[in-house]
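In: coords please:
(one chain, ligands or ions: 2)
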Amino acid sequence: MKRPDYLLFDRDTRSIIFGMQTNAVQRMLDFDYCCKREKPSVAAIVDPGRTDLFKCFYGKKEVFVPVYPDLAAACAKHPEADVMINFASFRSAYDTTMQALDQDQLRTVVVIAEGIPERFSRHMRAVALRKNKVIIGPATVGGIAAGAFKIGNTGGTIDNIVTSKLHRLGSVGFVSKSGGMSNEAYNIISRNSDGLFEGIAIGGDAYPGSNLLEHLLRYEANPAIKMLVCLGEVGGEEEWRIVDAVKQGKIKKPLVMWVTGTSIKHMPKGIQFGHAGAKADASRETAEAKNQALREVGVVVPQSFDDFGQAIKHTFDKLVADGLHKPIPDADAPAIPMNYKEAAARNLVRRPTNFTCTISDDSGDELIYAGHKISKVISENYSVGEVIGLLWFKERLPKWAASFMEIVVKLSADHGPCVSGAHNTIVTARAGRDLMSAVASGILTIGPRFGGAVAGAALSFKAAYDAKLSPAEFVESMKKKNQKIQGIGHLIKSLKNPDMRVVLLKRFANDQFPKTPLLDYALEVEKLTTAKKDTLILNVDGAIGVLSVDMMYGLGWDEERIQSVVDSGGLNGLFLLGRTIGMIGHYMDQTRMKAPLYRHPWDDVLYDLPPQVK
Ligand code: ACO
Ligand code: LMR
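Out: Ligands and ions are numbered 1, 2, ... in the order given. Alright, predicted model coming up:
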């Protein structure tokens, strides 16, 4: 529905935000929620190079605001948006504002940036006037239509918004140059009347896109606004144009106004106040001269800013007393839930965590492994075995145990291209898949028959040992259960062709381990199984499994802790950790050779099909 020219914003206003101003967008949506608007006031965000969604809150509900790479795309998707809030920096604010003025649907453009060259500001204003559009700014925080639409960060926190009754419609129209003074004035107006209808800060530049008088005339034309309030500033002719407008009867509604800068008389001539335009070069530009001229045409001008609130109250009360206005009742604002992070930072909330981690912590300044800062791990040259100890067992292992872990990783790193894991990795690499897919394919072959018998060996040998089964009783019990002993057997290694890896592991353990009870037990088992078949040796999985248990015995860990590790299946991680090195190597090897797609040869397949159907 088209709004009358005097009305820039209402409860249906939708805007496009230029710039990824997530805080400002959330504050606008919080305001919308406080005003009980039907829809959020932000339709879209424009952030060059992005086309995604910004997730934010509407009250407690999470909503998405679409992000577009350019203004035209956003306008095309959101024709209902007629306000653009331009957060572009002074370097690009002019260009982006001109783009906005070219979009027919955009009627109001708010330019936040400071430092735009005056000639650009004057050109923006000229184009806007020609197109019957309105620019608010530059160098402004914007403004607010109480109970309807908030520009960016105007009005401060939600608490301040509600305290200043900005969440509901009032009857006072306000305009000033300064954003800071505007927020102050909204509060004064709320305490001395039934609140603001609309407040605009036109910005402090010498050539604003719209001036004080233009907004006052909009308020004059708006029947919902019963009185006007304005804060002028020392310097320039703006306030004199208001004096003329009142004289000419263009402003008839009660106007309360104060021109700030009266203290300037005590300073050297020509000194500049905060805003670009705030300096008095001629006597008529002084605050005194302007305040006096305003008084003389019937504007309500207090003796000082301290009396500004009283002047507003007196004027509002007179409107009511004269039967010209019935005060708008207050309205409650729905509570905005505090953001969790903010509430947590203020110790107002607590919640159970969904995750527990006891091995590493990256939440502080420095990564910590089980209590050891990463800088210490590096500066004291912890071995890879010690790092494994920290992250797997939460302690810095003594050198012999850490070395055992490293030896296992070295020995299990690879066993040639013919074993299951390497084979799958090679075939997958030759199928053109990426590293992760090729290695994952190899890892998926690790299991009870290949590489994944480490944990099973530790579990079954320890169980038999703990149950005080003789090796013969153990072998017999597994046969009865028709189960193969995990850690026993190999396709090519045998007593006659021993697995050097197992030899090296046994040698290291005998040299370095405080004791090897489970290895000794497993070797007794091996004597029995190899008596049946030469290849039923203690294989590398079995050796790693039983020696891992012997390592824990040697570390003096209690039975419960050792059993917990064995039961977890985590000891298979030793083979997995090592063999991944080899699988990555096979992937790199195949890609290095640019090996083609692999197809298994026919003559290596027995085709044993059912009889052919005629
Ligand atoms: N425990 C007891 N008996 C066994 C075992 C075993 N682990 N492995 C084989 N046998 C017996 C079989 O029961 C069979 O006996 P039978 O003739 O009375 O039926 C005989 O030995 C031959 O069995 P196969 O399965 O033909 O032996 P194969 O040499 O093919 O098996 C394999 C090798 C797969 C490794 C097998 O020994 C096995 O499954 N072992 C347990 C799992 C394991 O430890 N895998 C790790 C291997 S090392 C690595 O992957 C790094
Ligand atoms: C390996 O380490 O991959 C092997 O022991 C298995 C095999 O068949 O060689």
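In: can you give me the helices for the stretch 501-614 of the chain?
Out: Secondary structure of the stretch 501-614 of the chain (DSSP state H, counting those that start in this stretch): helices at 517-532, 540-555, 559-568, 572-593.
In: which of the ones you listed is buried the deepest?
Out: Highest mean neighbour count among those (mean count of other C-beta atoms under 10 Å): helix 540-555, with a mean of 26. Where C-beta positions appear, they are placed from N, C-alpha and C, glycine not excepted.
In: now the angle from that one to helix 517-532?
Out: Counting by axes from the mean of the first three to the mean of the last three C-alpha atoms, to 10 degrees, helix 540-555 lies at 160 degrees to helix 517-532.
In: Check which helices and strands helix 540-555 is in contact with.
Out: If you count contacts as 3 or more C-beta pairs under 8 Å, 6 or more residues apart in numbering; DSSP states H and E, helix 540-555 packs onto helix 399-411, helix 454-466, helix 500-512, helix 517-532, helix 559-568, helix 572-593.
In: and the angle from the second one to helix 399-411?
Out: Helix 454-466 and helix 399-411 are oriented at 130 degrees to each other (the same axes, to 10 degrees).
In: So which bits of helix 454-466 are buried?
Out: Residues 454, 455, 456, 457, 458, 459, 460, 461, 462, 464, 465 are the ones in helix 454-466 that count as buried (16 or more other C-beta atoms under 10 Å).
In: Using CSV, write out every CA atom in stretch 198-210.
Out: This file holds the C-alpha atoms of stretch 198-210, laid out as CSV (Å, rounded to 0.1, in the frame of the first residue of the first chain):
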residue,chain,number,x,y,z
GLU,A,198,9.0,9.7,14.6
GLY,A,199,12.5,11.0,15.2
ILE,A,200,15.1,11.8,12.6
ALA,A,201,18.8,12.7,12.9
ILE,A,202,19.7,14.4,9.6
GLY,A,203,23.5,14.1,10.3
GLY,A,204,26.1,16.6,11.1
ASP,A,205,27.5,17.3,7.6
ALA,A,206,27.3,20.8,6.2
TYR,A,207,25.2,19.5,3.2
PRO,A,208,22.8,16.9,4.5
GLY,A,209,20.6,14.9,2.1
SER,A,210,17.5,16.3,3.8
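In: how far is that stretch from where the chain is centred?
Out: 34 Å (C-alpha atoms, centre = their mean, to the nearest Å).
In: For that stretch, give the mean pLDDT please.
Out: Confidence over stretch 198-210 (mean pLDDT, whole number) is 95.
In: Over to stretch 114-125?
Out: On average, stretch 114-125 scores 96.
In: wait, what's in contact with the residue of the stretch 301-450 of the chain found nearest ligand 1?
Out: Nearest residue of the stretch 301-450 of the chain to ligand 1 (C-beta to the nearest ligand atom) works out as residue 450 at 4.0 Å. By C-beta atoms under 8 Å, 6 or more residues apart in numbering, the contact set of residue 450 is 419, 420, 421.
In: what's near enough to touch residue 173?
Out: Residue 173 makes contact with 196-199, 215-216, 218-219, 222, 225, 227-229 under the criterion C-beta under 8 Å, 6+ apart.
In: let's go with 10 Å and repeat that
Out: Residues in contact with residue 173, defined by C-beta atoms under 10 Å, 6 or more residues apart in numbering, are 6, 189, 196-200, 215-216, 218-220, 222, 224-230, 253, 255.
In: Scan the contacts of residue 450 and report the most crowded one.
Out: For the contacts of residue 450, the largest number of neighbours (other C-beta atoms under 10 Å) sits with residue 421, at 25 neighbours.
In: Tell me if it really is in a strand.
Out: No. Counting by DSSP: H, G, I helix; E, B strand; the rest coil, residue 421 is not found in a strand; it is helix.
In: quick one: it from ligand 2, how far?
Out: Note on residue 421: its distance to ligand 2, by C-beta to the nearest ligand atom, to the nearest Å, is 7 Å.
In: again, but for residue 410
Out: Residue 410 sits 12 Å away from ligand 2, going by C-beta to the nearest ligand atom.
In: so what's that residue closest to, chain neighbours aside?
Out: Excluding its sequence neighbours, the residue lying closest to residue 410 (C-beta to C-beta, 6 or more residues apart in numbering) is residue 578, at 7.0 Å.
In: List the residues that contact that neighbour.
Out: Neighbour list for residue 578: 405-415, 451, 540, 544 [criterion: C-beta under 10 Å, 6+ apart].
In: now do 7 Å
Out: By C-beta atoms under 7 Å, 6 or more residues apart in numbering, residue 578 lies in contact with 408, 409, 412, 413.
In: pLDDT wise, what is the residue lying farthest from the centre of the chain at?
Out: Most distant residue from the mean C-alpha position of the chain: residue 614, 65.8 Å away (C-alpha atoms, centre = their mean). Looking at residue 614, its pLDDT is 89.
In: Could you do residue 271 as well?
Out: Confidence for residue 271, expressed as pLDDT, is 52.
In: Residue 49 now?
Out: At residue 49, the pLDDT value in this model is 87.
In: With adjacent residues omitted, what lies nearest to it?
Out: Leaving aside its sequence neighbours, residue 49 sits nearest to residue 69 (C-beta to C-beta, 6+ apart; 5.9 Å).
In: burial of that neighbour, as a residue count?
Out: Neighbour tally, residue 69, other C-beta under 10 Å: 13.
In: Please tell me I have it right and it contacts residue 52.
Out: No. Using C-beta atoms under 7 Å, residue 69 is not in contact with residue 52, being 10.0 Å away.
In: hang on, isn't residue 487 packed against residue 452?
Out: No. The pair residue 487 / residue 452 is not scored as a contact, 10.9 Å apart, by C-beta under 7 Å.
In: Of the two, which one has the most company?
Out: Using other C-beta under 10 Å as the criterion, residue 487 and residue 452 rank with residue 487 on top: 27 against 18.
In: quick one: pLDDT of the more buried one?
Out: Residue 487 is given a pLDDT of 98.
In: Compute the distance between the closest residue to it other than its chain neighbours and residue 480, please.
Out: Spatially, and ignoring its direct neighbours in sequence, residue 487 is nearest to residue 542 (2.2 Å; C-beta to C-beta, 6+ apart). Separation of residue 542 from residue 480 (C-beta to C-beta, to the nearest Å): 20 Å.
In: One more: residue 238?
Out: Distance, residue 238 to residue 480, using C-beta to C-beta: 103 Å.
In: between those two, who's got more neighbours?
Out: Neighbour totals were compared for residue 238 and residue 480, and residue 238 leads with 20 against 8 (other C-beta under 10 Å).
In: Could I get the pLDDT score of the residue of the stretch 301-450 of the chain closest to ligand 1?
Out: Turning to residue 450, the model gives it a pLDDT of 95.
In: what does residue 158 give?
Out: Predicted confidence (pLDDT) for residue 158: 88.
In: Report the contact partners of the nearest residue to residue 544 once chain neighbours are set aside.
Out: Spatial nearest neighbour of residue 544, excluding adjacent residues (C-beta to C-beta, 6+ apart): residue 454 at 4.8 Å. Residues near residue 454 by C-beta under 7 Å, 6+ apart: 541, 544, 545, 571, 572, 574, 575.
In: same question, residue 289
Out: If a contact means C-beta under 7 Å, 6+ apart, then residue 289 has residue 283 as its contacts.
In: can you tell me the helix or strand for it?
Out: If you go by DSSP states H and E, residue 289 is part of helix 287-296.
In: Dump that helix to PDB, keeping only the CA atoms.
Out: What follows is helix 287-296, C-alpha atoms only, in PDB (Å, rounded to 0.1, in the frame of the first residue of the first chain):
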ATOM      1  CA  ALA A 287      22.700  30.000  18.900                       C
ATOM      2  CA  GLU A 288      21.500  33.100  20.700                       C
ATOM      3  CA  ALA A 289      20.400  34.900  17.600                       C
ATOM      4  CA  LYS A 290      18.600  31.900  16.300                       C
ATOM      5  CA  ASN A 291      16.900  31.100  19.600                       C
ATOM      6  CA  GLN A 292      15.700  34.700  19.900                       C
ATOM      7  CA  ALA A 293      14.400  34.800  16.300                       C
ATOM      8  CA  LEU A 294      12.500  31.600  16.900                       C
ATOM      9  CA  ARG A 295      10.900  33.000  20.100                       C
ATOM     10  CA  GLU A 296       9.900  36.100  18.200                       C
END
